[in-house]
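Engineer: Sequence and predicted structure are below.
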Amino acid sequence: MATKPNCLIVASASAEGVSARSFVNSFTLTTSAFNVQLATPGGQAVEYVNVDENSKRWLTDFASKPYSTPAKLENCDPSRFAVLLIPGGAGAVFDLATNQSLAHLIAQFVAEQKPICAVGMG
């Protein structure tokens, strides 16, 4: 069986947060087809907002997994990833919109014609 390609999920670490629903849906959909790596500016924890009971249970379980700890966005090598996904949330405006590491990743993805998906404010 072939190895799954890698997807980089870049999430905000801003206090304004990432939509819990957007993240849960994004992560759930991508894991069926990709190996997923989560990254944030500085490798800081993701602040989830608008958490309902369903997403709270899912996020609690997710937090117990080793892959829930974000990598430092600044250390992500675009050549390792086939897809870039940015889940929605107001936090993206505060720490992703002007992030030079994310700009570099996006430029590399565009140059190599790799898929990029930004959800909502992502």
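Structural biologist: Done, it's in.
Engineer: Tell me how far Asn50 lies from Arg21.
Structural biologist: Between Asn50 and Arg21 the distance is 7 Å, computed by CB to CB, to the nearest Å. In this view, the C-beta of every residue, glycine as well, is placed from N, C-alpha and C.
Engineer: Which one's more surrounded, the two?
Structural biologist: Arg21 (19 against 13; other CB atoms under 10 Å).
Engineer: Doesn't that one lie inside a helix?
Structural biologist: Yes - counting by DSSP: H, G, I helix; E, B strand; the rest coil, Arg21 is located in a helix.
Engineer: residue contacts, it?
Structural biologist: With contacts defined as CB atoms under 8 Å, 6 or more residues apart in numbering, the neighbours of Arg21 are 50, 52, 55.
Engineer: May I have the phi/psi pair for the first one?
Structural biologist: Torsion angles at Asn50 (phi, psi; degrees, to the nearest 10) stand at phi 60, psi 50.
Engineer: How about the contacts made by it?
Structural biologist: So Asn50 contacts 19-21 (CB under 8 Å, 6+ apart).
Engineer: could I get those residues as TSV with distance to Thr3 and pLDDT?
Structural biologist: Below are the contacts of Asn50 laid out as TSV (distance: CB to CB, whole Å; pLDDT from 0 to 100):
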residue	distance to Thr3	pLDDT
Ser19	30	93
Ala20	30	95
Arg21	30	93
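Engineer: Reformat these into TSV and put distance to Ala103 next to each item.
Structural biologist: Below are the contacts of Asn50 laid out as TSV (distance: CB to CB, whole Å):
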residue	distance to Ala103
Ser19	22
Ala20	26
Arg21	27
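Engineer: ok, of those, which one's closest to Lys65?
Structural biologist: Proximity of the contacts of Asn50 to Lys65 (CB to CB) peaks at Ala20, which lies at 16.0 Å.
Engineer: show me what contacts that closest one?
Structural biologist: 48-52, 55-56, 59.
Engineer: Now rank those by neighbours and give me the top one.
Structural biologist: Going by other CB under 10 Å, Tyr48 tops those with 23 neighbours.
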